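> here's a sequence, model it:
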Amino acid sequence: MISKMNDANAKSLISQYRRKGVLADTNILLLWFVGKFDPAWIEKFKRTQKFQREDFRILDSLLQQFDTIVTTPHILTEVNNLSGGLPEPLFEKYRDTFASEVKVFDEKYISSRTLCLTPHFKKFGLADAAIVEAVKEKYLVLTDDFPLANYLQKMKVDVLNFNNIRLLA
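Next comes the predicted model:
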């Protein structure tokens, strides 16, 4: 259960998935991209204000422990759209960072047509349905979305809730 996550559980999951990979959810990747661009903007930007600079350092360190960081085009599109709220002079520079950093991800494509036929789509929408389909028995999921994390756990998918990781650090 997510509420019972402890340091040993987190370390065990990280060790188990170190070679397989981790899939980071939209809010987590947005924090990572904004932090890569300029950590000072994490607390200034409306979409990442709930995080602090230290959260970016924790996240960056955590992601470096995995051989593969998985994403989907749907997640990257959401991150790109959400980051559009950065002030205009910065947004172009941010996009340069986005373009240079996106290469570290292993992008898994699942057609929107296929995703819309899943029960996950009706419950969570396109990006989260893509997460559910992409990770089945393959990857660890890193999210701060409690309803999604709960749903994945019920499906026997391993999940780390970033909010719990923040508390452990």
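
> mind listing what the closest residue to Val141 other than its chain neighbours touches?
Excluding the flanking residues, the one nearest Val141 by CB to CB, 6 or more residues apart in numbering is Val159, at 4.7 Å. Using the backbone N, CA and C atoms, a C-beta is placed for each residue, glycine as well. Each residue near Val159 by CB atoms under 8 Å, 6 or more residues apart in numbering is listed here: 2, 140-143, 149, 152-153.

> pLDDT value on Val159, please?
You'll see Val159 listed with a pLDDT of 95.

> how close does it sit to Thr68?
For Val159, the distance to Thr68 (CB to CB, to the nearest Å) stands at 17 Å.

> go on, Asp144?
Look at Asp144 and Thr68: by CB to CB, they are 21 Å apart.

> the more surrounded of those two?
For Asp144 versus Thr68, neighbours defined as other CB atoms under 10 Å are more numerous around Asp144 (22 against 16).

> mind listing what the more buried one touches?
25, 27-28, 161-163.

> excluding chain neighbours, what is closest to it?
Phe162 (4.4 Å).

> swap in Tyr109?
Leaving aside its sequence neighbours, Tyr109 sits nearest to Pro73 (CB to CB, 6+ apart; 6.0 Å).

> does that neighbour really touch Phe105, like I thought?
No - between Pro73 and Phe105 there is no contact under CB atoms under 8 Å: 10.3 Å.

> give the buried residues for the helix or strand that contains Thr97.
Using DSSP states H and E, Thr97 maps to helix 88-101. For helix 88-101, the neighbour count (16 or more other CB atoms under 10 Å) marks 94-95, 97-98 as buried.

> run the chain-centre distance for it.
19 Å (CA atoms, centre = their mean, to the nearest Å).

> end to end, how far does stretch 83-90 reach?
10 Å (CA to CA, to the nearest Å).

> typo on my end, it should be stretch 123-143
Start-to-end, stretch 123-143 (CA to CA) is 17 Å.

> state the mean pLDDT of it.
89.

> thanks a lot, see you next time.
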